[in-house]
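>>> turn this into a model:
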Amino acid sequence: MSPRKRTQPRANKNASGASELSNFERLIERARLGMPEQDYRLNILNVLLRTPHRNVAPYMPLFADVHERDPLFFVRLAAWYNEVGAVHDLKQLFIAFLATSKFSEEFRETGLALLEKLPPYQVERVTRMIKGYLDGKTFVPGIGSVPRSYKTAVENYLKQREADPKVFDAAVLHARKPLKTLYASLRIKPGPYAQRVLFENDPPEGSRLAVLKQLAKVQDPAEQARLIVENKLPYRTAVSTIKMMTPSVLVALINAMTPQEVINNLASLKARGAMDNEDLRKMIERKLEAAKTDSRVSALKTREAIKVANLDDAMAQKVQSVGDVQIKAKGKISRATALLVDKSSSMDEAINLGKMIASILAPICEKDLFVYAFDTMAYPIVAKGKELSDWEKAFKGIVSSGATSNGVSIDAMIRKNEFVEQIVMVTDQEENTPPLMLQALRAYEKKFDVMPDVLFVNVGRAYRPTLFDQLTREGIMAENYVFTGDYYSLPGLIPLISGGTRLDLLADIMNFPLPERKTPALSKN
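Coordinates of the predicted model:
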């Protein structure tokens, strides 16, 4: 058997991933050469708020650099992001670095305090980030060796769940494989109950795990429904054991589902006829209503669910409203804002991204939101509602073509007397036709006696920060946000646009309280 190939953490196997890694290397090098602390922290915050979903390997060297170079910022940033951040993978990476930190015991305790809040499958992911993992046949190195304190914390985490069979059964139902991996990879001896149900697959009679095995043998739909309802069996687990899906079984399954599970499985429910049954449809609608106030629901997953499930307009509207309410919970935009979307040649990605950003900003804008697409002309975009479907319709007919004037929309706002305090521009920062952006901004400042802050949302593999450099040299407040293709990271824009400046956000982070561990160590006896 050939040995595993060992490589350094790497980016995605595409141009954007390679570019991301080189950007990190440049940032680390600039810090080494003496980048001011404030600039370094702002750059790290920008990286953090645009992290792609599920691709953290390229970020490990950068996290290591921040942890070593600016540890006091790192620990507060970790606590803050675990509270308000949008990407679970990034939260787990923070915990992995803190839990293995050699800086201080307080850092490790902070990491372990965050760890004990995670479900088992996420604890297993943190462990993989520390130990390393296989990506196909290639071994991707982790952060380093597992400290004794981490193994002890995970052991206590598992023993706590073992102590209550109902809690342990629930964990196994949702994360059997990650749990087995935790025991095996950290060489933790399972207790008698864990050994029996997890490794011997011999759950005691009457337990939820035993009921699941029984469910696979039952043919009567009424009995299947009873077992699901009484034992609250999770949807995906139960579906895999049932050959014939009847309305009574679907009633039981939907009743047992969390709001997020309903959203995640809308396509599956539709395929099984749930949308065509009036009673089942009403149950789904009630779950969606509950999703509006459920903190575990992801706003962007509602949009993905609509696309994947191909829902009818009425149901899509209800799902969309869940996303809008969830986005509103993430912040408010208290400054008048302009969203300017580059529609010049080859800017299809900018147009698609502009629709999504508009649907995120519109529900949380407390003041005016002006939206324009532009090439060498400005095209005002007005939606009849605030949802993604409304913006899809509003952008209909906007196609990428023509040259680029990044100042033409600003010029249009001057002529229409539209006052804003900040501009969000989706672009690759190339311009070749007047009015140019800098001159247009100076004219805007003269007209309204205010210079708007500018946030560039950069698209395209070969974007260059040309306009950003021009504006910052002129003393105009500008920021860069690089879109890497992952729509789940877009809520990270909200902290940049809502409230005060990026410096205010840094101050909030540095004052963020550190969590404390709540789980007492359990006796091994």
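
>>> going forward, measure contacts between C-alpha atoms and count neighbours the same way
OK.

>>> could you chop the protein up by domain?
5-146, 243-328, 337-498 (automatic domain parsing).

>>> where does the protein dip in pLDDT?
Applying pLDDT under 70 to the chain flags the ranges 1-38, 46-47, 49-55, 299-300, 388, 461-462, 484-489, 499-502, 519-525.

>>> residue nearest the centroid of this protein?
residue 87 (3.0 Å; Cα atoms, centre = their mean).

>>> tell me the spacing between that one and residue 71.
As judged by Cα to Cα, to the nearest Å, residue 87 and residue 71 stand 21 Å apart.

>>> residue 183 now?
The value you get for residue 183 to residue 71, if Cα to Cα is used, is 31 Å.

>>> what separates the host helix or strand of residue 495 from the chain centre, distance-wise?
Secondary structure assigned from DSSP states H and E places residue 495 in helix 494-497. Relative to the chain's own centre, helix 494-497 is displaced by 15 Å; criterion: Cα atoms, centre = their mean, to the nearest Å.

>>> helices or strands next to the helix or strand following that helix in the packing?
Next along the chain after helix 494-497, taking DSSP H and E as the criterion, comes helix 502-510. Helix 502-510 sits against helix 37-48, helix 71-84, with contacts defined as 3 or more Cα pairs under 8 Å, 6 or more residues apart in numbering; DSSP states H and E.

>>> dump those to CSV, plus distance to residue 125.
Listed next are the helices and strands packed on helix 502-510 as CSV, based on distance: least, Cα to Cα, whole Å:
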stretch, distance to residue 125
helix 37-48, 19
helix 71-84, 15
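
>>> nearest to residue 275, out of those?
helix 71-84 (34.0 Å; Cα to Cα).

>>> off-centre distance for that closest one?
16 Å.

>>> now do it and helix 502-510, the angle between them.
Computed with axes from the mean of the first three to the mean of the last three Cα atoms, to 10 degrees, the direction of helix 71-84 lies at 90 degrees from that of helix 502-510.

>>> so which bits of helix 71-84 are buried?
By neighbour count, with 16 or more other Cα atoms under 10 Å as the criterion, the buried positions of helix 71-84 are 71, 73, 74, 75, 76, 77, 78, 79, 80, 81, 82.

>>> any idea which helix or strand comes after it?
Next element after helix 71-84 (DSSP H and E): helix 88-99.

>>> which residue sits closest to residue 272, ignoring its sequence neighbours?
residue 245 (7.2 Å; Cα to Cα, 6 or more residues apart in numbering).

>>> helix, strand, or coil at that neighbour?
Under the three-state scheme (DSSP: H, G, I helix; E, B strand; the rest coil), residue 245 adopts coil.

>>> count of residues packed around it?
13 (other Cα atoms under 10 Å).

>>> ok, now residue 145?
Neighbours of residue 145 (other Cα under 10 Å): 10.

>>> got the contact list for the helix holding residue 495?
330, 331, 333, 361, 502, 505 (Cα atoms under 8 Å, 6 or more residues apart in numbering).

>>> and the furthest pair within these?
361 and 505 (18.5 Å).

>>> higher neighbour count, these two?
More neighbours surround residue 361 than the other of residue 361 and residue 505, with 26 against 17 (other Cα under 10 Å).

>>> ok, the more buried one to residue 226 distance?
For residue 361, the distance to residue 226 - Cα to Cα - is 45 Å.

>>> could you pull out the strands in the stretch 251-400 of the chain for me?
All strands of the stretch 251-400 of the chain, identified by DSSP state E, counting those that start in this stretch, fall at 337-342, 369-374, 378-381.

>>> got JSON lines for those strands, with mean neighbour count and distance to residue 271 too?
Putting the strands of the stretch 251-400 of the chain into JSON lines (neighbours: other Cα atoms under 10 Å; distance: least, Cα to Cα, whole Å) gives the following:
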{"stretch": "strand 337-342", "mean neighbour count": "28", "distance to residue 271": "37"}
{"stretch": "strand 369-374", "mean neighbour count": "24", "distance to residue 271": "37"}
{"stretch": "strand 378-381", "mean neighbour count": "19", "distance to residue 271": "36"}
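
>>> out of those, nearest to residue 316?
The nearest among those, by Cα to Cα, is strand 378-381 at 22.4 Å.

>>> hmm, who's touching the closest one?
Here strand 378-381 has contacts from 370, 371, 372, 373, 394, 395, 408, 409, 412, using Cα under 8 Å, 6+ apart.

>>> can you map out the helices along the stretch 251-400 of the chain?
Using DSSP state H, counting those that start in this stretch, the helices of the stretch 251-400 of the chain run over 259-264, 266-271, 278-291, 299-309, 313-328, 348-361, 388-394.

>>> was I right to think residue 253 contacts residue 229?
Yes - at 7.3 Å, residue 253 and residue 229 qualify as touching, with contact defined as Cα atoms under 8 Å.

>>> circling back to that earlier point, farthest pair within the contacts of strand 378-381?
394 and 408 (19.8 Å).

>>> on that earlier part again, in JSON lines, list the domains of the chain along with distance to residue 174.
Converted to JSON lines, those look like this (distance: least, Cα to Cα, whole Å):
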{"stretch": "domain 5-146", "distance to residue 174": "8"}
{"stretch": "domain 243-328", "distance to residue 174": "12"}
{"stretch": "domain 337-498", "distance to residue 174": "23"}
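
>>> what residues does stretch 73-81 touch?
So stretch 73-81 is contacted by 41, 66-67, 91, 94-95, 98, 107, 110, 114, 509-515 (Cα under 8 Å, 6+ apart).

>>> quick one, which of those are buried?
Here, 16+ other Cα under 10 Å leaves 41, 66-67, 91, 94-95, 98, 107, 110, 114, 509-510, 512, 514 buried among the contacts of stretch 73-81.

>>> and the residues you listed, which is closest to residue 313?
Using Cα to Cα, the buried ones among the contacts of stretch 73-81 come closest to residue 313 at residue 91, 35.1 Å.

>>> which residues touch the closest one?
Each residue near residue 91 by Cα under 8 Å, 6+ apart is listed here: 78, 81, 82, 85.

>>> so between residue 253 and residue 229, which is more surrounded?
residue 253 (23 against 17).

>>> what's that one in contact with, if anything?
225, 228, 229, 232, 233, 234, 235, 238.

>>> at 6 Å instead, please
When contacts are counted by Cα atoms under 6 Å, 6 or more residues apart in numbering, residue 253 touches residue 235.

>>> going forward, begin numbering at 42 instead of 1
Happy to do that; since the first residue is 42 now, the last one works out to residue 294.

>>> please report how far it lies from residue 325.
11 Å.

>>> just residue 394 next, same as before
Taken as Cα to Cα, the span from residue 394 to residue 325 is 29 Å.

>>> again with residue 430
Taking Cα to Cα, one finds residue 430 at 21 Å from residue 325.

>>> tell me which of those two has more neighbours.
More neighbours surround residue 325 than the other of residue 430 and residue 325, with 24 against 20 (other Cα under 10 Å).
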